[in-house]
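J.: Sequence first, then the predicted structure, then my questions.
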Amino acid sequence: MTVVLVLNAGSSSIKWRLVDGQSGAAIRGGTVERLGHDASEGTGHSAAIRDLLAELRHEPVAVIGHRVVHGGSKFDTATLVTDEVEQQIEELAALAPLHNSVNLAGIRAARAAFPGTPNFAVFDTAFHRTLLPAAASYALPAGLVRRHQIRRYGFHGISYQYVSARVAELLRRPLSELRLIVFHLGNGASACAIAGGLSVDTSMGMTPLAGLVMGSRAGDLDPGVLIALGRAGIGWDQLDELLARESGLRALAGTEDMRDIHTAAAAGDQTACAALDVYHHRLRHYLGAYLAQLGGADAVVFTGGVGENSAATRAAVVADMEGLGIRIDPERNGAVAGHSRVVSHRRSRIAILVIPTDEELEIARQSLAALNT
């Protein structure tokens with residue numbers, strides 16, 4: 001049996017799993033949650049990863065796969081980690097400060113704990129290499145764009161790749177025929193328009209700061225706001241802190257934990273209700289945009305911690321869209337279930353699905369494929 005260790009270090013959690021490389025079955029795994037906001041330094045994550053690897057040091061690990069958020073223009077496939085690759089991932093941390101640093105903490109700890117075991121970096125940006133030029137390009141001077149590699153890269157690609165394949169299985173249709181709008185909703189959140197299994201548009205941009213309202217990120221923002229704040233004397237470091245750690249739901253509701261926000265809203269807290277209104281409004285905006293970009297859709301899909309578990313959010317996003325062919329079934333949507341399922345009404349022309357993502361399995365698959373190649 002070939003055992004793959006997967007480390008998926010996110011901005012607020014670390015997921016890990018030992019995977020049977022032959023069957024894809026999970027041997028064991030777990031999640032460390034609510035690691036706080038020192039992610040740019042990776043300190044809390046590093047300690048948690050060291051403790052985890054100490055427990056796993058006697059496991060017969062043959063290969064280690066790591067989620068890495070930003071691969072820039074350098075990486076478009078799973079890549080064997082060398083000292084040079086490690087350095088390049090560190091350089092790209094400027095584009096994803098909440099993520100690449102903690103991804104790198106996992107890589108360094110694993111290389112030290114399992115010397116001689118191959119480590120592979122699997123990049124979230126790789127799935128979006130098929131973005132249409134019109135979707136990937138910003139209206140900036142060409143020289144500036146080339147010099148600084150400015151473009152829309154997109155993120156959550158590992159999740160989108162896994163989920164889109166699962167949708168095809170569930171609908172019993174070839175992925176090549178499907179037009180999908182997928183919402184990956186967690187502490188970080190994004191939307192993706194997928195045609196024939198390929199990413200054609202996505203809400204995050206050059207960095208993971210763009211798009212939807214997120215746990216501590218504002219998402220789409222008029223750049224003039226930042227110019228005004230800069231002229232008011234707020235420095236670059238303060239702006240970085242503001243955009244990455246002090247905005248989004250954290251700013252609107254006082255917490256980025258959607259579970260706490262829903263609890264407060266259900267109790268009548270008007271601040272929590274207003275925060276949810278802003279959050280849902282942005283989701284509906286992207287749903288409409290991607291329906292237009294794709295010329296319709298075969299399915300709207302929800303994944304990620306919020307997408308999978310918040311029936312209220314799913315219902316709010318697709319409310320009053322019967323005229324567009326989207327109708328949710330309240331009973332199906334409200335049922336508590338941990339498996340992939342259809343939650344649309346039987347008369348809905350566009351299917352609505354909930355698909356639990358499995359980034360760890362996808363990372364294991366891609367790491368093994370790269371090893372064998």
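T.: Happy to help now that I have it. Since we're looking at a predicted model, the values are computed, not measured. Numbering: from 1, shown residues only.

J.: Regarding the most centrally placed residue in the chain, what are the backbone dihedral angles?
T.: For the chain, the residue nearest the mean C-alpha position is residue 156 (3.3 Å; Cα atoms, centre = their mean). Dihedral pair for residue 156: phi 60, psi 20, per degrees, to the nearest 10.

J.: what separates it from residue 90, distance-wise?
T.: 21 Å (Cβ to Cβ, to the nearest Å). C-betas here are computed from N, CA, C, even on glycine.

J.: just residue 181 next, same as before
T.: 34 Å.

J.: Which of the two has more residues huddled nearby?
T.: Legend: neighbour count by other Cβ atoms under 10 Å for residue 181 and residue 90, higher for residue 181 (26 against 15).

J.: part of a strand, is the more buried one?
T.: Yes - using DSSP: H, G, I helix; E, B strand; the rest coil, the assignment for residue 181 is a strand.

J.: Now do the contacts for it.
T.: Neighbouring residues of residue 181 by Cβ atoms under 8 Å, 6 or more residues apart in numbering: 191, 192, 193, 194, 287, 290, 291, 294, 297, 299, 300, 301.

J.: ok, so of these, who is nearest residue 280?
T.: Lowest distance from residue 280 to those (Cβ to Cβ) belongs to residue 287, with 10.3 Å.

J.: Quick check: that closest one touching residue 192?
T.: No - in this structure, residue 287 is not within contact of residue 192 by Cβ atoms under 8 Å, at 11.6 Å.

J.: Dihedrals phi and psi, residue 257?
T.: Torsion angles, degrees, to the nearest 10, at residue 257: phi -80, psi 110.

J.: Quick check: it vs residue 64, distance?
T.: Distance of residue 257 to residue 64, given as Cβ to Cβ: 30 Å.

J.: between those two, which one's more packed in?
T.: Using other Cβ under 10 Å, the more surrounded residue of residue 257 and residue 64 is residue 64, with 26 against 17.

J.: could the contacts of residue 181 go into a markdown table alongside neighbour count and pLDDT?
T.: Conversion of those to a markdown table gives the following (neighbours: other Cβ atoms under 10 Å; pLDDT from 0 to 100):
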| residue | neighbour count | pLDDT |
| --- | --- | --- |
| 191 | 25 | 98 |
| 192 | 30 | 98 |
| 193 | 26 | 98 |
| 194 | 28 | 98 |
| 287 | 21 | 98 |
| 290 | 24 | 98 |
| 291 | 20 | 98 |
| 294 | 17 | 98 |
| 297 | 24 | 98 |
| 299 | 25 | 98 |
| 300 | 26 | 99 |
| 301 | 27 | 99 |
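
J.: now, which of the residues you listed sits nearest residue 25?
T.: When these are compared for distance to residue 25 (Cβ to Cβ), residue 301 wins out at 24.3 Å.

J.: how deep is the nearest residue to the closest one once chain neighbours are set aside tucked in, by neighbour count?
T.: Counting by Cβ to Cβ, 6 or more residues apart in numbering, the nearest residue to residue 301 once its immediate chain neighbours are dropped is residue 182, at 4.4 Å. Residue 182: 29 surrounding residues under other Cβ under 10 Å.

J.: Return the set of residues that bridge with residue 182.
T.: residue 192, residue 301 (DSSP bridges).
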